[in-house]
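In: need coordinates for the below:
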Amino acid sequence: MQPIFLIGYMGCGKSTLGRAVSALTGMRFIDLDSYIESRYGMAITEIFSAYGEDGFRQREHEMLVEVSSFSDVLVACGGGTPCFGDNIGLMNRCGLTVFLEAGVARLHQRLMQGRHKRPLIVGMDSAQLLSFICESLKKREPFYSQASIRFKSDLLDCEADKETTARRFINEVIENCNLYRK
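Out: Residues are numbered from 1 along each chain as shown. Okay, the predicted model is just below:
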């Protein structure tokens with residue numbers, strides 16, 4: 001089975017849903033940022049510091065090419081991954097792209113809670129973060145909209161919701177696309 005690429009804005013649930021689906025299907029889960037860190041022996045922030053955004057994006061692209069050749073994997077991409085170079089085209093050619101959509105209010109709530117872990121938004125207050133999310137989504141929508149499938153990911157904030165959403169993903173995305181064989 002070709003890879004399934006989970007794309008969408010930060011906080012939409014790519015890693016959360018990917019892990020939950022992986023647990024239910026046995027498919028391998030790859031968080032692209034973690035994969036990059038492992039391969040380069042550096043944190044993403046260190047790669048940015050050492051090589052700048054262009055250097056990071058080049059490394060990200062190289063690792064995306066690598067994981068694109070894997071079978072039976074779910075790949076959670078960084079929020080900006082599809083927006084650079086021809087990454088969205090590469091993902092569409094090599095596998096199935098799924099745009100995880102969460103509402104702005106849900107993204108805001110999740111990112112407010114976890115902003116201390118995200119250098120891009122760490123110092124923002126609630127109003128600044130809301131404005132940032134809205135502006136960023138407008139810029140990224142042309143890339144996200146090129147995904148093969150759109151999937152609502154608002155319900156991932158408790159264990160029961162994670163399992164329900166993961167089962168819905170398996171049914172609506174994997175089984176309906178004849179990608180998963182038990």
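
In: pull the longest strand from the chain.
Out: Under DSSP state E, the strand in the chain containing the largest number of residues is strand 96-101.

In: please identify the buried residues of the very next helix or strand once past it?
Out: Next helix or strand after strand 96-101 toward the C-terminus (DSSP states H and E): helix 104-114. In terms of neighbour count (16 or more other C-beta atoms under 10 Å), helix 104-114 has its buried residues at 106, 107, 108, 110, 111. C-betas here are computed from N, CA, C, even on glycine.

In: quick one: helix 104-114 to strand 96-101, angle?
Out: Regarding helix 104-114 and strand 96-101, their directions subtend 90 degrees when assessed with axes from the mean of the first three to the mean of the last three C-alpha atoms, to 10 degrees.

In: after helix 104-114, next one along is what?
Out: helix 126-144.

In: tell me what that following helix is packed against?
Out: In terms of contacts (3 or more C-beta pairs under 8 Å, 6 or more residues apart in numbering; DSSP states H and E), helix 126-144 is packed against helix 104-114.

In: the helix it packs on: how far from the chain's middle?
Out: 15 Å (C-alpha atoms, centre = their mean, to the nearest Å).

In: ok, now stretch 96-103?
Out: For stretch 96-103, the distance to the chain centre is 8 Å (C-alpha atoms, centre = their mean).

In: give me the contacts around it.
Out: The contact list for stretch 96-103 (C-beta atoms under 8 Å, 6 or more residues apart in numbering) reads 2-9, 11-14, 17, 82, 88, 91, 110, 144-154, 173, 177, 179.

In: can you select the buried ones from those in ChimeraX?
Out: Command for ChimeraX that selects the buried part of those, burial taken from 16+ other C-beta under 10 Å:
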select :2,3,4,5,6,7,8,9,11,12,13,14,17,82,88,91,110,144,147,151,152,153,154,173,179
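
In: residue 29 and residue 19 touch, don't they?
Out: Yes - assessed by C-beta atoms under 8 Å, residue 29 is found in contact with residue 19 at 5.5 Å.
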